[in-house]
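K.L.:
what shape does this take:
(one chain, ligands or ions: 1)
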Amino acid sequence: MLKEYETKIKKILITEAEIKEKIRFAAKKIDELYDGTPILLVSILKGAFVFMADLCRAVTVPCEIGFMAASSYYDGTISSGNIKITLDLSQDISGYHVIIVEDIIDTGQTLKDITELLKKRSPLSLRVITLLDKPSRRVTDFEADMTLFTIPDKFVIGYGLDYGEHYRNLPYIAEYDAN
Ligand code: PRP
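P.N.:
Numbering: from 1, shown residues only. Below you'll find the model as predicted:
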């Protein structure tokens with residue numbers, strides 16, 4: 001099992017060091033933008049949990065965290081186009097400058113739905129930061145405010161991203177070998 005698991009990691013696309021460097025840069029940008037104003041980071045589970053953990057420790061502005069979960073992919077590599085909110089925030093966001101923290105934007109449907117939902121709750125401001133963006137897969141016109149890496153249309157795993165719930169614990173982003 002272990003051998004098959006490892007051979008499915010086709011190629012490392014983004015190293016741990018590259019991710020670290022971009023997060024440092026993004027956190028600096030957030031610190032400059034908010035300039036000491038408290039923020040609420042909202043992570044979209046499960047994929048964004050690793051990015052969230054590193055990003056929230058890299059910013060220096062006062063920071064609270066919250067979690068939501070939405071489901072769009074089922075157990076495979078094809079996006080279904082159906083977004084379901086499976087876990088909602090516990091806090092009222094009307095007094096917060098909110099930044100949604102996402103691992104990947106693919107079709108854009110998840111974040112289009114989530115940003116529309118959160119805007120209705122009247123946050124002081126709302127921005128989106130994503131670790132990865134696959135613009136070639138977009139079916140909506142959604143764009144993040146901050147993108148760390150733009151990638152081609154390859155199925156990627158690691159650093160929070162899964163294939164069949166595995167590989168989220170890899171410290172880097174790799175291409176999954178579907179063969
Ligand atoms: C992935 C990813 C995004 C979404 C992006 O989540 O974490 O939330 O898909 O796809 P979209 O732009 O096409 O909507 P997934 O549903 O795989 O759940 P997970 O984070 O629990 O792995």
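K.L.:
got a pLDDT number for Val139?
P.N.:
The model reports Val139 with a pLDDT of 89.
K.L.:
quick one: the strands in the chain?
P.N.:
Taking DSSP state E as the criterion, the chain carries its strands at 9-14, 39-45, 63-73, 79-87, 97-105, 125-133, 146-150, 156-157, 173-176.
K.L.:
give me every residue in this structure lying close to the ligand.
P.N.:
Contacts of the chain with the ligand, taken as Cβ under 6 Å from any ligand atom, map to 44-47, 70-73, 79, 102-110, 162. Every residue, glycine included, has its C-beta placed from N, CA and C.
K.L.:
now a ChimeraX select for only the buried ones of the residues you listed.
P.N.:
Restricted to buried positions by 16 or more other Cβ atoms under 10 Å, the ChimeraX selection for the residues of the chain next to the ligand reads:
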select :44,45,46,47,70,73,79,102,103,104,105,106,107,108,109,110,162
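K.L.:
pick out the shakiest of the strands of the chain, pLDDT-wise.
P.N.:
Among the strands of the chain, strand 79-87 carries the lowest mean pLDDT (a mean of 72).
K.L.:
quick one: contacts of stretch 19-32?
P.N.:
Residues outside stretch 19-32 that contact it (Cβ atoms under 8 Å, 6 or more residues apart in numbering): 39, 51, 54-55, 58-61, 99, 129, 131, 146, 148-149, 159, 172-173.
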